[in-house]
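Asks: Fold the following, please.
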Amino acid sequence: MAKDLLLEIGLEEVPARFVRAAMDQLKDKTVKWLNDSRLSFEEVRAYSTPRRLAVIVIGLADKQADVNEEVKGPALKIAKDAEGAWSKAALGFGRSQGVDAESFVVREVANVEYIFANKSSVGVETSSLLPEALPALVTSLTFPKKYALGRLRSALRSSDPLARGVAWLRSRSFRNNGREVGQRVAGHRFLGADATIDNPAVYVEALKEQHVIVDVAERGEAIQEGIGRLAAERGWHIAVKEDLLEEVLFLVETPTVLTGSFDPAFLNIPQEVLITSMREHQRYFPVLDSEGRLQPHFVTVRNGDGLSIDVVAKGNEKVLRARLSDAKFFYEEDKKLVIADALAKLENIVYHEELGTVADKVRRTRAIADKLAQALRADDSVRADVSRTADICKFDLVSQMVYEFPELQGIMGEDYARKAGERESVARAVNEHYSPRNASDNPPASLVGAIVGIADKIDTIAGCFSIGIVPTGSQDPYALRRQAAGIVSTILAHGLELPLSELFSIALEIHAERGLKREAYDIRKDAQDFHAAREKRSDRAQCPLRRRRRYSRRRLG
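Replies: Residues are numbered from 1 along each chain as shown. The predicted structure is shown next:
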């Protein structure tokens, strides 16, 4: 008779970004164990909240399937030695199949005699497998980063009498404490109470009665519906980033969307600063108008119901006021920074112990960018802007704002450069040269930003290759593939005649002037293999980098 099995693991202090992966991992491991154990089932459903991981096995068989099969072994001429005794190959085959050599059967297959082993065993009761299997299943879970497990409460709770005992995970070791089956699951920390589960089928609804939405999809829909309803009521555009929504999803068990406001005076700060502060520090969603301008409001999600929601909103406003005040202080202090002084500070920031300081990288980028502008026959104004942009492209790295929010590098550089009196084309290119920042980002819009961005990225690639840092199938710690992809997309976007091999040669010449750690031949060989992979992808995308035709040179301005 098939039964349902519930396995729940209680969690504490697990980072929200780990929960979904852990839930999927638990489901996959459960399915694999069931298949390996020859236990039939209908379906495995996975659930999770910040305080638990769970799987429910629907229609789990009472016992393993019986085994009765004939397994083919080595050929008879290999299975017996010259004296007619069983060889090591035959005996090893027997051990692997759990049968004695006396039970071997010889059969002819395609005019060749082979030995066969008959395997037959009666399936074991599922109830006898679970006490050992479930603890092993839980302790096999892995996380991307190590964190303290001393306070991690991890209990196996099963409402099916197949699993007896409650187990606890402490400091990586798993032990059974000998108690009877755990049938109590924890409700919401403040709104609910423990619930007794006497049937896995009622697990989801029983927790919902205790103010816990354990179904991830249902909880996500509740959050998005709340945000959508609030946006419709207020006429707002609420900027919802998927990564932030994913994190909030695993920070709450009962989501309630609420809104608050902040002093409009803070809007004098660049909105990217305010948005980043709200998202990174408070997990707030910013409110924008129809033209994308930030409004003095925010949206957040409470882990609870709507009781005293106005008090909760005021508390969030108070915390945000402090955060934004810090951001304002950083911004006002950064505005006092002189670009020349900032560039001097780059001399003291190590880029890589074998490649020098950030200032050294800036000088290489400038030299490469100048050569590229010349090779592309850019006009004098573009060349001047390229040189100035390359000179100051990293100056904002020493600002307090970028120190606090590294993702604002370039964004703050553009703002500070503009306020320092730099040409608009230069200020804009300081930001653009980082683009594309990810797979969904666009390449630099301006030619100046494109040239400096290509120079910066190819310097990183050539520098890493020159000291032996070459991407492998599983390792690319300096994101060189992403850098190369950014170069390709930029070349395509601007229609530049700039083969990757020629571009690498220019960068390598600049590095050679400052001394190479490896032989140039070895570096070029690694680069050739790397380029071949990049250009192969480019061909599939109909990339012009390798088209077999001549390009007419055009003057760039």
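Asks: just for the protein, where's the confidence low?
Replies: Along the chain, segments meeting pLDDT under 70 span 1-2, 13, 145-182, 531-557.
Asks: residue contacts, the residue at the greatest distance from the centre of it?
Replies: Distance from the C-alpha centroid of the chain peaks at residue 83, with 61.5 Å (Cα atoms, centre = their mean). Taking Cβ atoms under 8 Å, 6 or more residues apart in numbering, we find residue 83 in contact with no residue. Backbone N, C-alpha and C define where each C-beta goes, glycine included.
Asks: Could you export stretch 191-203 as PDB, CA atoms only?
Replies: The C-alpha atoms that make up stretch 191-203 are tabulated as PDB, following Å, rounded to 0.1, in the frame of the first residue of the first chain:
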ATOM      1  CA  LEU A 191       1.700  34.800  14.600                       C
ATOM      2  CA  GLY A 192       1.400  31.100  14.800                       C
ATOM      3  CA  ALA A 193       2.000  28.100  17.000                       C
ATOM      4  CA  ASP A 194       3.300  24.600  16.500                       C
ATOM      5  CA  ALA A 195       1.000  22.300  14.500                       C
ATOM      6  CA  THR A 196       0.700  18.500  14.700                       C
ATOM      7  CA  ILE A 197       0.800  16.800  11.300                       C
ATOM      8  CA  ASP A 198      -0.900  13.500  11.200                       C
ATOM      9  CA  ASN A 199      -1.000  13.200   7.400                       C
ATOM     10  CA  PRO A 200       1.500  14.700   4.900                       C
ATOM     11  CA  ALA A 201      -1.500  15.700   2.700                       C
ATOM     12  CA  VAL A 202      -2.500  18.400   5.300                       C
ATOM     13  CA  TYR A 203       1.100  19.800   5.700                       C
END
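Asks: Mind splitting the chain into its structural domains?
Replies: For the chain, automatic domain parsing gives the domain ranges 3-63+125-209, 68-121, 216-334, 339-546.
Asks: Most tightly packed of the ones you listed?
Replies: Mean neighbour count (mean count of other Cβ atoms under 10 Å) peaks for domain 339-546 among the domains of the chain, with a mean of 18.
Asks: And residue 433, how close does it get to residue 456?
Replies: 6 Å (Cβ to Cβ, to the nearest Å).
Asks: Which other helices and strands does the longest helix along the chain contact?
Replies: Ranked by residue count under DSSP state H, the longest helix found in the chain is helix 309-334. Helices and strands touching helix 309-334, by 3 or more Cβ pairs under 8 Å, 6 or more residues apart in numbering; DSSP states H and E, are strand 255-261, helix 271-277, strand 294-303, helix 400-404.
Asks: rerun that using 6 Å as the cut-off
Replies: If contacts are counted by 3 or more Cβ pairs under 6 Å, 6 or more residues apart in numbering; DSSP states H and E, helix 309-334 sits against strand 255-261, helix 271-277, helix 400-404.
Asks: For residue 389, what is the enclosing helix or strand?
Replies: For residue 389, the host element (DSSP states H and E) is helix 380-392.
Asks: Which strands or helices does that helix pack on?
Replies: helix 358-375, helix 424-432, helix 447-466.
Asks: Nearest to residue 327, out of those helices?
Replies: For the helices and strands packed on helix 380-392, proximity to residue 327 was assessed by Cβ to Cβ; helix 424-432 is nearest, at 18.5 Å.
Asks: send the alpha carbons of that closest one over as PDB?
Replies: Output in PDB follows, covering the C-alpha atoms of helix 424-432 (Å, rounded to 0.1, in the frame of the first residue of the first chain):
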ATOM      1  CA  GLU A 424      30.300  65.700 -21.000                       C
ATOM      2  CA  SER A 425      31.600  63.100 -23.500                       C
ATOM      3  CA  VAL A 426      34.400  62.200 -21.000                       C
ATOM      4  CA  ALA A 427      32.100  62.000 -18.000                       C
ATOM      5  CA  ARG A 428      29.700  59.800 -19.800                       C
ATOM      6  CA  ALA A 429      32.500  57.500 -21.000                       C
ATOM      7  CA  VAL A 430      33.900  57.100 -17.500                       C
ATOM      8  CA  ASN A 431      30.700  55.200 -16.700                       C
ATOM      9  CA  GLU A 432      30.200  53.500 -20.100                       C
END
